[in-house]
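Chemist: any chance you could fold what I've pasted below:
(2 chains)
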Amino acid sequence: MTPNTSPPPETPFWVPDDVVTLAVPAFIALIIIEMVVVRLSKRGGYEAKDSAASLFMGFGSTIAGVLTGGLYLFSALWVYQYRIFDIGWTWQALALCFLGEDLAYYWFHRVSHERRFWWASHVVHHSSQHYNLSTALRQTWTGNLALSFATKLPLFFIGFPPAMVFFFSGVSLVYQFWIHTETIGRMGPFEWVMNTPSHHRVHHATNPRYLDANYAGVLIVWDRLFGTFTPEVDHDKPRYGIVANLGTFNPLRIAIHEWAGIARDIRGAKTVGDVFGFVFGPPGWTPDGSRKTSKSLKAEWRASQRGAG
Amino acid sequence: MSPELAKFLVIQGISLGGVLVLIALAWLIGFRQRARILDKFHVWKLAADDRVGPTGEVAVDALGRTALAEIDTDKVYVVKALGDRLTTRVFPRSAVAGVRMYRPRGRGIGARVRFSDAGFDDLAIEFESREAPAWIERLRRGAWSK
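Modeler: Predicted coordinates for the structure are as follows:
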């Protein structure tokens, strides 16, 4: 296959380089507004140290992004050389790219929960026991190193210009900011198609009913399509965090604890199969089943529900 | 300095400023609630809620910041006040990487328990008495109390 080294098509209109950076002032303003609303309404919660940890994780992720983003950029441009189509900046292409990016995000997100190697990066985002707009900024420092962008590479292979894909990735991240809140309830028909605070509260919850659900970025339709949608129910209020909650606000510990856990488990592994299981099995996997996975927790919960019924 | 680097540093500086403003605001607004472990009955209730147990010996920090309890013969139940939340975890005995005794100022004795889990800070438990509970001492020596 001969590489196509012609440059990506010029953008016919202004496209921001970095949507997320442009949105930072809005992030700060909205967090301040939410803090005031929480204080006045008692709906939702904040804790200064928890928010500090989240905000420093977010700040650190921007530095880590600069240090490791080259890996993603290099991979994208390399794959783009072998593109099937030369897709220009048309409205139809923009619509398709938005859908493609959102679908790729769904699969990135699902794999990030179902396989420990990627969970080790993504767990950072779930490690707060609070759910507010500052939690949205609690981001990984190791995502690019774990090749978390792999599910986006087919988009470059199809021929979507890298700048277009990066733009929609930014839009997705900005969209997902506002849904990290307890101050907004249900949103009626909007919830049929779009990811909303209610859907995403479910995603961040550790109640067995809610585990491994609602992976959507912008459109919740992917969860409905692939069978991972779970609605929020009033009688089971979400409890946030991770199944084995952290006992630290230290950003470095938050960033690397699961990687350290993988390394510790590998050191104790007896077979190559065990090593593979500890790295690429579901979070909580052990050869002897002594820890619990989301699947086993859900199964226990379902059995207890049947027993209660 | 290249213009790109200068731009990056300016953006990072503004972002860091924003982070510090938000933390200060959260503190000023009063989001400084602290959770507290009341007593061993509180630990028993938390353990029951977590479907853990039965617990054996229980040690609670004099200021209610931390607690440690035995479960079965080979696990410990850990409670730690983390901001306004009580974080609970069950660790196998093998995850207790070390226990160090120390003399805290104005209090009898303290035990600093270190875990092999990088996601859990050392657990400091201080006691009013001059001696730590015997089972904590045995934990320090690597022996189990049963």
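Chemist: number of residues surrounding the closest residue to chain A within chain B?
Modeler: Distances between chain B and chain A by CB to the nearest CB are smallest at residue B:119, namely 3.3 Å. C-beta here means a position set from N, CA and C on the backbone, and glycine is covered the same way. A total of 22 residues lie near residue B:119 under the criterion other CB atoms under 10 Å in any protein chain shown.
Chemist: quick one: it from residue A:286, how far?
Modeler: Per CB to CB, to the nearest Å, residue B:119 is found 17 Å from residue A:286.
Chemist: kindly report the same for residue A:132.
Modeler: According to CB to CB, residue A:132 stands 34 Å off from residue A:286.
Chemist: break chain B into its domains for me.
Modeler: Under automatic domain parsing, the residue ranges defining each domain of chain B are B:1-32, B:40-140.
Chemist: and of these, who's closest to residue A:201?
Modeler: Closest approach to residue A:201 among these is made by domain B:40-140 (16.8 Å; CB to CB).
Chemist: tell me how far that closest one lies from the chain's centre.
Modeler: Offset of domain B:40-140 from its chain centre (CA atoms, centre = their mean, to the nearest Å): 8 Å.
Chemist: so for the nearest residue to residue B:53 once chain neighbours are set aside, what's the pLDDT?
Modeler: Leaving aside its chain neighbours, residue B:53 sits nearest to residue B:47 (4.7 Å; criterion: CB to CB, 6 or more residues apart in numbering or on different chains). Here, the pLDDT recorded for residue B:47 equals 92.
Chemist: could you list the buried residues of the helix or strand containing residue B:47?
Modeler: Assigned by DSSP states H and E, residue B:47 belongs to helix B:40-49. Neighbour-count burial for helix B:40-49 flags B:42-44, B:46-47 (criterion: 16 or more other CB atoms under 10 Å in any protein chain shown).
Chemist: any idea which helix or strand carries the residue in the stretch 201-309 of chain A that chain B sits nearest to?
Modeler: Taking CB to the nearest CB as the measure, the stretch 201-309 of chain A has residue A:257 as its residue closest to chain B, at 3.3 Å. If you go by DSSP H and E, residue A:257 is part of helix A:251-268.
Chemist: can I get that helix in PDB, CA atoms only?
Modeler: Extracted in PDB, the C-alpha atoms of helix A:251-268 (Å, rounded to 0.1, in the frame of the first residue of the first chain):
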ATOM      1  CA  PRO A 251      -2.600  13.700  42.800                       C
ATOM      2  CA  LEU A 252       0.500  11.500  42.000                       C
ATOM      3  CA  ARG A 253      -1.000   8.600  43.900                       C
ATOM      4  CA  ILE A 254      -4.400   9.200  42.200                       C
ATOM      5  CA  ALA A 255      -2.600   9.200  38.800                       C
ATOM      6  CA  ILE A 256      -0.500   6.000  39.200                       C
ATOM      7  CA  HIS A 257      -2.200   3.800  41.800                       C
ATOM      8  CA  GLU A 258      -3.800   1.300  39.400                       C
ATOM      9  CA  TRP A 259      -0.600   1.000  37.400                       C
ATOM     10  CA  ALA A 260       1.200   0.300  40.600                       C
ATOM     11  CA  GLY A 261      -1.400  -2.300  41.400                       C
ATOM     12  CA  ILE A 262      -0.900  -4.000  38.000                       C
ATOM     13  CA  ALA A 263       2.800  -4.100  38.600                       C
ATOM     14  CA  ARG A 264       2.300  -5.600  42.100                       C
ATOM     15  CA  ASP A 265       0.000  -8.300  40.700                       C
ATOM     16  CA  ILE A 266       2.400  -9.100  37.900                       C
ATOM     17  CA  ARG A 267       5.200  -9.600  40.400                       C
ATOM     18  CA  GLY A 268       3.000 -12.100  42.200                       C
END
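Chemist: now do it: distance to the chain's middle.
Modeler: With CA atoms, centre = their mean, you get 19 Å for helix A:251-268.
Chemist: the helix or strand that it is followed by vs helix A:251-268, what angle?
Modeler: With elements assigned by DSSP H and E, the helix or strand that comes after helix A:251-268 is helix A:272-280. Angle between the axes of helix A:272-280 and helix A:251-268 is 170 degrees (criterion: axes from the mean of the first three to the mean of the last three CA atoms, to 10 degrees).
Chemist: do the longest helix anywhere in chain B and chain A meet?
Modeler: If you go by DSSP state H, chain B has its longest helix at helix B:3-29. Yes: Helix B:3-29 lies within reach of chain A by CB under 8 Å from any CB of the partner chain, at B:8, B:11-12, B:14-16, B:18-19, B:21-23, B:25-27, B:29.
Chemist: now that helix: buried residues?
Modeler: For helix B:3-29, burial by neighbour count (16+ other CB under 10 Å) applies to B:15, B:18-19, B:22-23, B:25-26.
Chemist: so which residue is smack in the middle of the chain?
Modeler: Because you didn't say which chain, this covers chain A. For chain A, the residue whose C-alpha lies nearest the mean C-alpha position (CA atoms, centre = their mean) is residue A:109; its distance is 5.1 Å.
Chemist: the chain in question should be chain B.
Modeler: residue B:80 (3.7 Å).
Chemist: pLDDT value on residue A:309, please?
Modeler: Per-residue confidence (pLDDT) for residue A:309: 62.
Chemist: please apply the same query to residue B:71.
Modeler: 89.
Chemist: just to revisit the earlier point, with distance to residue A:154 and pLDDT added, can I get the buried residues of helix B:3-29 in a markdown table?
Modeler: Below are the buried residues of helix B:3-29 laid out as a markdown table (distance: CB to CB, whole Å; pLDDT from 0 to 100):
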| residue | distance to residue A:154 | pLDDT |
| --- | --- | --- |
| B:15 | 32 | 91 |
| B:18 | 36 | 94 |
| B:19 | 36 | 95 |
| B:22 | 38 | 96 |
| B:23 | 40 | 96 |
| B:25 | 43 | 96 |
| B:26 | 41 | 96 |
